[in-house]
Structure formats: C-alpha cells, structure tokens
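Novice: kindly return the folded structure for what I paste below:
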Amino acid sequence: MSEEIVRKSSEAFVLMKAYGMNIEKTISSAMGICDATSATAPTLREEVRWFARQMEKVLRDNDDKGGWVHESTLSLVGKLLFEIGELADALENGNDEDVQKECVDIANYAMMIADNAR
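Specialist: The predicted structure follows:
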C-alpha cells in the first residue's frame with residue numbers, strides 16, 4: 001500500500017470515528033444490498049438512477065483495467081478508505097463536483113466489495 005493510501009485511510013477512519021461510524025457495519029451494509037433484479041424490486045428513484053449512471057460511466061471509463069474480480073477484499077477496502085479521505089478533502093474544499101465524483105468512487109468500491117462477496 002502506498003503511503004498516500006495509508007494516510008487517506010487513516011483520515012477516513014478518523015472521520016468515521018468522529019461521525020460515530022463503524023467500519024465493520026459500513027462494509028457489512030455495503031455487502032448486504034438486496035438483489036434489485038427480483039420481480040418484487042421497487043421502481044428505482046430518479047436520484048438512484050442518476051447515481052447508478054454516474055457509477056456505470058466511471059466503471060466503463062476504467063474497463064481497460066481488467067475489472068475487480070481478482071482484487072482482494074483488503075485491497076478494495078484500502079481503495080475505498082482512500083476515496084473516503086478524498087471525499088473529506090472535497091467536503092472541506094466545498095467543491096460540489098468533486099464531492100459527487102468521490103461519492104461515486106466510494107460507491108463503486110463498495111459495489112466491487114459486495115460483488116466479490118456474492
């Protein structure tokens with residue numbers, strides 16, 4: 001792990017602790033997302049559809065990297081925590097566009113962790 005990832009991960013843990021968050025619960029929640037393909041799945045809200053489109057765009061932009069199926073959970077969690085640190089920076093800077101980008105990155109890493117856990 002690079003020094004920057006370790007630094008951002010540490011910042012993320014501090015932020016999570018400050019907000020009373022628990023990393024185990026956060027990851028468990030990400031992994032416990034229900035199967036939205038079932039016949040009983042509700043219609044997705046416009047906000048969810050918009051966010052999912054943003055996630056898919058970033059994933060497609062990175063298709064050349066070979067996906068995440070061979071990434072270890074530890075590696076993906078490290079990247080997730082790094083992105084949480086970047087979100088903290090974006091929030092501090094008050095840049096809404098950067099906040100949106102970092103939230104998409106966080107969601108994509110959480111999705112990758114959940115997908116590999118299926």
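
Novice: now residue 85, nearest residue through space, not along the chain?
Specialist: residue 8 (3.0 Å; C-beta to C-beta, 6 or more residues apart in numbering). Where C-beta positions appear, they are placed from N, C-alpha and C, glycine not excepted.

Novice: in stretch 98-114, what counts as buried?
Specialist: For stretch 98-114, the neighbour count (16 or more other C-beta atoms under 10 Å) marks 99, 101-114 as buried.

Novice: so where's this protein shaky on pLDDT?
Specialist: By pLDDT under 70, the weakly predicted segments of the chain are 1-2, 5-7, 13-41.

Novice: helices of that one, residue ranges please.
Specialist: Assigned by DSSP state H, the chain shows helices spanning 3-18, 23-31, 46-61, 73-93, 96-117.

Novice: now the spatially closest residue to residue 69 that is not a sequence neighbour: how far from residue 44?
Specialist: Among residues not flanking residue 69 along the chain, residue 116 sits closest, at 6.6 Å (C-beta to C-beta, 6+ apart). Applying C-beta to C-beta, to the nearest Å, the value for residue 116 to residue 44 is 23 Å.

Novice: higher neighbour count, the two?
Specialist: The neighbour comparison of residue 116 against residue 44 (other C-beta atoms under 10 Å) goes to residue 116, with 15 against 12.

Novice: separation between the more buried one and residue 48?
Specialist: Distance from residue 116 to residue 48, by C-beta to C-beta: 22 Å.
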